[in-house]
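S.K.: okay, sequence plus prediction incoming.
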Amino acid sequence: MIGHEEIENRFGHHKATLEGDEATLPKHIQLRAHFSSLAGFLDEILPDGREKSVMFTELENASMWAHKSVAKTAPLELGV
């Protein structure tokens, strides 16, 4: 059994923090910039086709998981 606390941590809303050494908003901004830059580079050099399409799907997945990793370090906002 996973338990209520773990379920809340996995599926609850982690509010981005703006200040301090562990602030999450700047990390989200950096992730967006780097993933967008990489996506633009790959879009330019890769030929269109199934492989490129799959690559973009997987890059989007990687971005999502990176953002979730950062988000989970922020405080859990209860009641949302």
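M.R.: Noted; the coordinates are in hand. Predicted model only: the values in this text are computed from it and were never measured.
S.K.: residues near His67, how many?
M.R.: 16 (other C-beta atoms under 10 Å). To be clear about C-beta, it is placed using only N, CA and C from the backbone, and glycine gets the same treatment.
S.K.: nearest residue to the middle of the chain?
M.R.: For the chain, His67 is the residue whose C-alpha lies nearest the centre (C-alpha atoms, centre = their mean; 1.8 Å).
S.K.: residue contacts, that one?
M.R.: Applying C-beta atoms under 8 Å, 6 or more residues apart in numbering to His67 gives the contacts 28, 31.
S.K.: centre of the chain to the helix or strand encompassing it, how far?
M.R.: Secondary-structure assignment from DSSP states H and E places His67 in helix 50-71. Here helix 50-71 is found 8 Å from its chain centre; the criterion is C-alpha atoms, centre = their mean, to the nearest Å.
S.K.: now swap in stretch 64-73 and tell me
M.R.: 5 Å.
S.K.: buried stuff in it?
M.R.: Buried residues in stretch 64-73, defined by neighbour count with 16 or more other C-beta atoms under 10 Å: 66-67, 70-71.
S.K.: and these as CSV, adding pLDDT and distance to Gly49?
M.R.: Listed next are these as CSV, based on pLDDT from 0 to 100; distance: C-beta to C-beta, whole Å:
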residue, pLDDT, distance to Gly49
Ala66, 96, 26
His67, 94, 28
Val70, 93, 32
Ala71, 90, 33
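S.K.: quick one: Met18 and His28 touch, right?
M.R.: Rather than Met, residue 18 is Leu. No - with contact defined as C-beta atoms under 8 Å, Leu18 does not reach His28; the gap is 10.8 Å.
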